[in-house]
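1. for reference, the sequence and a predicted model appear below.
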Amino acid sequence: MKKISANQNDFQETVITYSNMLLKYAYSFCLNRADAEDVVQDVFLKYLSKDKVFESEEHRKAWLIRTTINTAKNYKNTFWNRNKAPLEDKYVFEDPVKEDIWDAVKKLPDKYRIIVDLYYRDGYSIKEIAFILDKKNSTIGTQLERARQKLKKILED
């Protein structure tokens, strides 16, 4: 198995490959594109500053996703972020049903929202999500079921 290191030689390729995906996850927490872009920029700075060796491309991807989620959570809990006035920032969907569903997903607590994103939008299995988020499979399964129940209630209202 070939080890992959985080270095400047592959940095540009890594940014091109993963930036859009990481932006989605950051946006899921921040609910603001500018803040999400700041989070992703911080993640890539961490990636560059670490002398980390990855076991595989999947390991690198999981590290980037986990780091994005943690950075977005930390950003969300900063004094600045808790005390600022929100700006309206919406993605525009061609299908109004998708927009309604996304609005409902945005109302979910963070721990459910990221699981819904990973499972439905990106097609990860419960086992893969558990690995990415460093949680047990049963925890992810339970949280996914709770997220579905909460989404159903939100959409019915």
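-> Nice, I can see it.
2. please make it C-alpha for all contacts and neighbour counts, starting now.
-> Noted.
3. which helix or strand contains residue 112?
-> Per DSSP states H and E: residue 112 is located in helix 110-116.
4. the next helix or strand after that helix packs against which elements?
-> Per DSSP H and E, the first helix or strand lying C-terminal to helix 110-116 is helix 126-133. Under the contact criterion of 3 or more Cα pairs under 8 Å, 6 or more residues apart in numbering; DSSP states H and E, helix 126-133 touches helix 57-76, helix 137-156.
5. picking that back up, and the helix holding residue 112, how far out from the chain middle?
-> 9 Å (Cα atoms, centre = their mean, to the nearest Å).
6. that one: which residues count as buried?
-> 110, 112, 113, 114, 115, 116 (16 or more other Cα atoms under 10 Å).
7. circling back to that earlier point, possible to save the helices and strands packed on helix 126-133 as TSV with mean pLDDT?
-> Output for those, formatted as TSV (pLDDT from 0 to 100):
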stretch	mean pLDDT
helix 57-76	90
helix 137-156	91
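8. compare these and give me the one nearest residue 104.
-> Ranking the helices and strands packed on helix 126-133 by proximity to residue 104 (Cα to Cα) places helix 137-156 first, at 6.2 Å.
9. just name the most buried of the helices and strands packed on helix 126-133.
-> helix 57-76 (a mean of 19; mean count of other Cα atoms under 10 Å).
10. and it, how far from the chain's centre?
-> 7 Å.
11. before we move on, the earlier item: what is the mean pLDDT for the helix holding residue 112?
-> On average, the pLDDT along helix 110-116 is 87.
12. one step back: possible to save the helices and strands packed on helix 126-133 as JSON lines with distance to residue 33?
-> What follows is these, written out as JSON lines (distance: least, Cα to Cα, whole Å):
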{"stretch": "helix 57-76", "distance to residue 33": "12"}
{"stretch": "helix 137-156", "distance to residue 33": "23"}
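13. please name whichever of these is nearest to residue 34.
-> helix 57-76 (12.2 Å).
14. and that closest one, C-alpha only, in PDB?
-> This file holds the C-alpha atoms of helix 57-76, laid out as PDB (Å, rounded to 0.1, in the frame of the first residue of the first chain):
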ATOM      1  CA  GLU A  57      -6.600   8.600  -1.000                       C
ATOM      2  CA  GLU A  58      -9.700   7.700   1.000                       C
ATOM      3  CA  HIS A  59      -7.800   8.400   4.300                       C
ATOM      4  CA  ARG A  60      -6.800  11.900   2.900                       C
ATOM      5  CA  LYS A  61     -10.500  12.500   1.900                       C
ATOM      6  CA  ALA A  62     -11.800  11.500   5.300                       C
ATOM      7  CA  TRP A  63      -9.200  13.700   7.100                       C
ATOM      8  CA  LEU A  64     -10.200  16.700   5.000                       C
ATOM      9  CA  ILE A  65     -13.900  16.100   5.700                       C
ATOM     10  CA  ARG A  66     -13.400  15.600   9.400                       C
ATOM     11  CA  THR A  67     -11.100  18.600   9.600                       C
ATOM     12  CA  THR A  68     -13.700  20.700   7.700                       C
ATOM     13  CA  ILE A  69     -16.500  19.700  10.100                       C
ATOM     14  CA  ASN A  70     -14.400  20.300  13.200                       C
ATOM     15  CA  THR A  71     -13.200  23.700  11.900                       C
ATOM     16  CA  ALA A  72     -16.800  24.700  11.000                       C
ATOM     17  CA  LYS A  73     -18.000  23.700  14.400                       C
ATOM     18  CA  ASN A  74     -15.200  25.700  16.100                       C
ATOM     19  CA  TYR A  75     -16.000  28.700  13.800                       C
ATOM     20  CA  LYS A  76     -19.600  28.500  14.700                       C
END
